[in-house]
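Q: Structure for this input, please:
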Amino acid sequence: MVVGYDDIPFSSCLEVPLTTVRIPKKQMGEKAISVLEKKIDGQKCDSQLKIPVELMIRQSSLSTANQE
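A: The predicted model follows:
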């Protein structure tokens, strides 16, 4: 099993398409700006932020029995 991270467009174009984790870059950037603004204003902010990701299952993580 091979799994990548960041779901670059090339992942789905390989001979065996790569299973990968898709991260919402726009949402991550928006949260980063929000935290930065709060810190600049002297406000407290969460020490951890959770951003949901999506697993893009492709052939690189399927068993050989499923690829036939």
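
Q: where do the strands sit along this protein?
A: Ranges of strands in the chain, per DSSP state E, are 3-5, 19-22, 54-56.

Q: show me where pLDDT drops low in this protein?
A: 63-68 (pLDDT under 70).

Q: Please enumerate the helices of it.
A: 25-40 (DSSP state H).

Q: which residue of it sits farthest from its center?
A: The outermost residue of the chain, judged against the average C-alpha position, is residue 42 (30.1 Å), by CA atoms, centre = their mean.

Q: Buried deepest among the strands of the chain, which one?
A: strand 19-22 (a mean of 18; mean count of other CB atoms under 10 Å). (C-beta placed from N, C-alpha, C; glycine too.)

Q: Can you pull up the most central residue in this protein?
A: residue 23 (2.3 Å).

Q: Contact partners for it?
A: 5, 6, 7, 51, 53 (CB atoms under 8 Å, 6 or more residues apart in numbering).

Q: Give me the buried entries from these.
A: residue 7 (16 or more other CB atoms under 10 Å).

Q: Pick the one among the contacts of residue 23 closest to residue 38.
A: residue 51 (16.7 Å; CB to CB).

Q: ok, now which ones touch the closest one?
A: Counting by CB under 8 Å, 6+ apart, residue 51 has contacts 23, 24, 27, 28, 31.

Q: Restricted to buried residues, select these in ChimeraX.
A: Typed into ChimeraX, the line below selects the buried ones among the contacts of residue 51, using 16+ other CB under 10 Å:
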select :31
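
Q: Please name the residues that touch the residue lying closest to residue 4 once chain neighbours are set aside.
A: Spatial nearest neighbour of residue 4, excluding adjacent residues (CB to CB, 6 or more residues apart in numbering): residue 20 at 3.9 Å. Applying CB under 8 Å, 6+ apart to residue 20 gives the contacts 3, 4, 5, 6, 7, 8, 11, 55, 56, 58.
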